[in-house]
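Asks: how would this look folded up:
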Amino acid sequence: MEIIGKSKQIKDLIDIAHQVAQSDISVLIYGESGVGKDIFAREIHNTSKRANKQLISVNCGAIPEGILESELFGHKKGSFTGAIDDRKGYFEMADKSTLFLDEIAEMPLTTQVKLLRVLETGEFLPLGSETTKKVDVRIIAATNKDLQTEVDSKRFRKDLFFRLKAVTLNIPPLRERREDVVLLINFFLNNYAEHHKIESPNITNESYELLNNYSWPGNIRELKNVIETAAALSKTGILNEDSFTNLLTNPKIEENKNLPIFLQKSTESLDREIILGALIEIKKDLNELKNLAYRSNVPQKSEEANFDLDEIIPITKLEKDAIKKALAFTKDSKRKAANLLGISERTLYRKLKEYGI
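Replies: Below you'll find the predicted structure:
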């Protein structure tokens, strides 16, 4: 997929990507999940002097910690249980090319040390080997986390952070560049039609408006899935608002609360929102009653505290509840739930096991 967009943010980023592509300098790409960080990495590689070689992409968060070093640096036969043969790692496969390390923040600290050595010397030692290998690899890394925060929290090496961020690209979320939404909708519709050898479905103006006003928490990846699902389910070849309403996780129309407006929602959807609002108000009232009852029984509280005791909820309970809600919201999709929670899929699986969910 190519970079689609006419917004100033995207045009500026494309200019920077093409400018840095001609050098071998490391590039760090920031952005929420689904904004297309991998597309920018590919664009940099394809316009570089290394374009005649294949781009090697690695998702650091998707590889179990125990085998990540073997996957990156390779291993010798017999170096560990299961190593039945010599195996090249991604660094050796990416020699004279570009290695794209996605979700770099998920890389364990022990592996970060070895990555830093490759960046500084071009050398690495495969597992079980006594001989170093030298490679010429350009590194592009990406993350949806603030690496400075990870450094401050001692989860990411400071020296590696500075080595990676020679050039930094910040990809804006789709909701901050709405002028690109229609372009992307048409691109995915035409792409779907071409791939399935059908006539491209027609989309109504009201649908364009609905999709353009949606917040797109999953960014371009969510937009692509919504368009393709709507096209696949269409029986008439026309995509109207009903084609999308049930596919949007949180349809949201930008509105002026001071003026009466026409809400493009079904009666059932409005009923659900009204009931939900009523339940929230009831919960607020119950919490106030609980606080009154508590204060009457326990009149004293810390002079320094300006909150009630029952507002203190154990962190583990908050985390466990958040995971349950994310799984319920995504209908048990671990990948989508992990994205909503801002953690890697691997971390989510570990916490599910830890909490017995």
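
Asks: use CA for all of it now, contacts and neighbours both
Replies: Will do.

Asks: Following the chain onward from the lowest-mean-pLDDT helix or strand in the chain, which element is next?
Replies: Every helix and strand in the chain was compared by mean pLDDT, DSSP states H and E; the lowest is helix 267-297, with a mean of 62. Using DSSP states H and E, the helix or strand that follows helix 267-297 in sequence is helix 315-329.

Asks: what's the very next helix or strand once past that following helix in contact with?
Replies: Beyond helix 315-329 in the direction of the C-terminus, DSSP H and E gives the next helix or strand as helix 334-341. Residues outside helix 334-341 that contact it (CA atoms under 8 Å, 6 or more residues apart in numbering): Ser33, Ala322, Ile323, Ala326, Leu327, Phe329, Thr330, Ser344, Glu345, Leu348, Tyr349.

Asks: Show me what counts as buried in stretch 342-357.
Replies: Buried positions in stretch 342-357, judged by neighbour count with 16 or more other CA atoms under 10 Å: Ile343, Ser344, Glu345, Arg346, Leu348.

Asks: got the contact list for the fourth one?
Replies: When contacts are counted by CA under 8 Å, 6+ apart, Arg346 is found next to Gly61, Ala62, Pro64.

Asks: repeat for the second one
Replies: The contact partners of Ser344, taken as CA under 8 Å, 6+ apart, are Gly61, Ala62, Glu106, Ala338.

Asks: between the buried residues of stretch 342-357, which is nearest Ala230?
Replies: Nearest to Ala230 among the buried residues of stretch 342-357, counting by CA to CA, is Glu345 at 26.8 Å.

Asks: nearest spatial neighbour of that closest one, skipping sequence neighbours?
Replies: Ala338 (5.3 Å; CA to CA, 6 or more residues apart in numbering).

Asks: that older thread, may I see the contacts of helix 334-341 arranged in a markdown table, with distance to Thr121 as well?
Replies: Output for the contacts of helix 334-341, formatted as a markdown table (distance: CA to CA, whole Å):
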| residue | distance to Thr121 |
| --- | --- |
| Ser33 | 32 |
| Ala322 | 43 |
| Ile323 | 42 |
| Ala326 | 43 |
| Leu327 | 44 |
| Phe329 | 47 |
| Thr330 | 44 |
| Ser344 | 30 |
| Glu345 | 32 |
| Leu348 | 35 |
| Tyr349 | 35 |
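
Asks: Distance-wise, check the residue nearest to Glu345 relative to Gly34.
Replies: 13 Å (CA to CA, to the nearest Å).

Asks: quick one on the thing from earlier: how many neighbours does the residue nearest to Glu345 have?
Replies: 20 (other CA atoms under 10 Å).

Asks: Quick one: list the elements packing against the helix or strand hosting Ile39.
Replies: Under the criterion of DSSP H and E, Ile39 resides in helix 37-46. With contacts taken as 3 or more CA pairs under 8 Å, 6 or more residues apart in numbering; DSSP states H and E, helix 37-46 sits against helix 8-21, strand 98-102, strand 138-143.

Asks: Would you reformat the ones you listed as a markdown table and include mean neighbour count, mean pLDDT and distance to Glu194?
Replies: Formatted as a markdown table, those follow (neighbours: other CA atoms under 10 Å; pLDDT from 0 to 100; distance: least, CA to CA, whole Å):
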| stretch | mean neighbour count | mean pLDDT | distance to Glu194 |
| --- | --- | --- | --- |
| helix 8-21 | 16 | 96 | 26 |
| strand 98-102 | 25 | 97 | 29 |
| strand 138-143 | 24 | 97 | 31 |
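
Asks: Save these as JSON lines, and put in distance to Asn190 too.
Replies: Output for the helices and strands packed on helix 37-46, formatted as JSON lines (distance: least, CA to CA, whole Å):
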{"stretch": "helix 8-21", "distance to Asn190": "21"}
{"stretch": "strand 98-102", "distance to Asn190": "28"}
{"stretch": "strand 138-143", "distance to Asn190": "29"}
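
Asks: right, so of those, which gets closest to Pro172?
Replies: Here helix 8-21 is closest among those (CA to CA), at 7.5 Å.

Asks: low pLDDT regions in the protein?
Replies: Counting by pLDDT under 70, the chain shows low-confidence ranges at 250-310.

Asks: what sits against the closest residue to Arg138 other than its chain neighbours?
Replies: Of all residues not flanking Arg138 in the chain, Thr98 sits nearest, at 4.6 Å (CA to CA, 6+ apart). By CA under 8 Å, 6+ apart, the contact set of Thr98 is His45, Arg50, Gln54, Leu55, Ile56, Val137, Arg138, Ile139, Ile140.

Asks: closest one to Asp85 among the helices and strands packed on helix 37-46?
Replies: Of all these, strand 98-102 comes closest under CA to CA, at 23.6 Å.

Asks: coming back round to it: could you single out the nearest of the contacts of helix 334-341 to Ser234?
Replies: When those are ranked by distance to Ser234 (CA to CA), Thr330 comes first, at 22.9 Å.

Asks: residues contacting that closest one?
Replies: So Thr330 contacts Lys336, Ala337 (CA under 8 Å, 6+ apart).

Asks: Let me know the distance separating Ile357 from Ala326.
Replies: According to CA to CA, Ile357 and Ala326 sit 12 Å apart.

Asks: in the sheet, who's paired with the closest residue to Met93 other than its chain neighbours?
Replies: Excluding its sequence neighbours, the residue lying closest to Met93 (CA to CA, 6+ apart) is Ile56, at 7.5 Å. For Ile56, the beta-bridge partners are Leu99 (DSSP bridges).

Asks: still on that earlier bit, quickly check the contacts of Ser344 for the two that are furthest apart.
Replies: Glu106 and Ala338 (12.9 Å).

Asks: Not counting sequence-adjacent ones, nearest residue to Leu327?
Replies: Distance criterion CA to CA, 6+ apart; nearest residue to Leu327, sequence neighbours excluded, is Ala337 at 5.5 Å.
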